[in-house]
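Q: structure for this input, please:
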Amino acid sequence: MNKKITVELDWDTIDRITICSMKSVVESLEADLEKRKDDTGMAIFEKNKKKDIALIEKHIEAFKLVMKYYGENENA
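A: As a prediction, this is how the structure comes out:
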């Protein structure tokens, strides 16, 4: 049996959910980056290790930039 629930959220709550989701992605990418650097992880964006590391770092920085837009303090 499928039940549907409708929830109304204010913009602050939506922003907070968005930030939490992006933080999770950043944490995952940072873990992938460390594994990739010490040859224990797999390729994420590119088979070439140097290119992959550069792309992972770019993605991390991009997420952090967007989080700043949403008012997230990087040191929080």
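Q: residue contacts, the residue most central in space within the chain?
A: Geometric centre of the chain, nearest residue: residue 25, 2.4 Å, by CA atoms, centre = their mean. Contact analysis of residue 25 by CB atoms under 8 Å, 6 or more residues apart in numbering lists residue 63. Just so you know, the C-beta spots here come from the backbone N, C-alpha and C atoms, and that holds for glycine as well.
Q: what about it, which helix or strand?
A: Residue 25 is part of helix 11-37 when elements are defined by DSSP states H and E.
Q: can you tell me how far residue 48 is from residue 54?
A: Distance, residue 48 to residue 54, by CB to CB, to the nearest Å: 9 Å.
Q: shared neighbours, those two?
A: The contact sets of residue 48 and residue 54 do not overlap (CB under 8 Å, 6+ apart).
Q: quick check: the nearest residue to residue 26 once chain neighbours are set aside vs residue 46, distance?
A: Nearest non-adjacent residue to residue 26, counting by CB to CB, 6 or more residues apart in numbering: residue 63, 4.9 Å away. With distances taken as CB to CB, residue 63 is found 18 Å from residue 46.
Q: residue 5: what secondary structure?
A: coil (DSSP: H, G, I helix; E, B strand; the rest coil).
Q: quick one on the thing from earlier: more neighbours, residue 63 and residue 46?
A: In terms of neighbours (other CB atoms under 10 Å), residue 63 is the more surrounded of residue 63 and residue 46; the figures are 17 against 13.
Q: brilliant, that's me finished.
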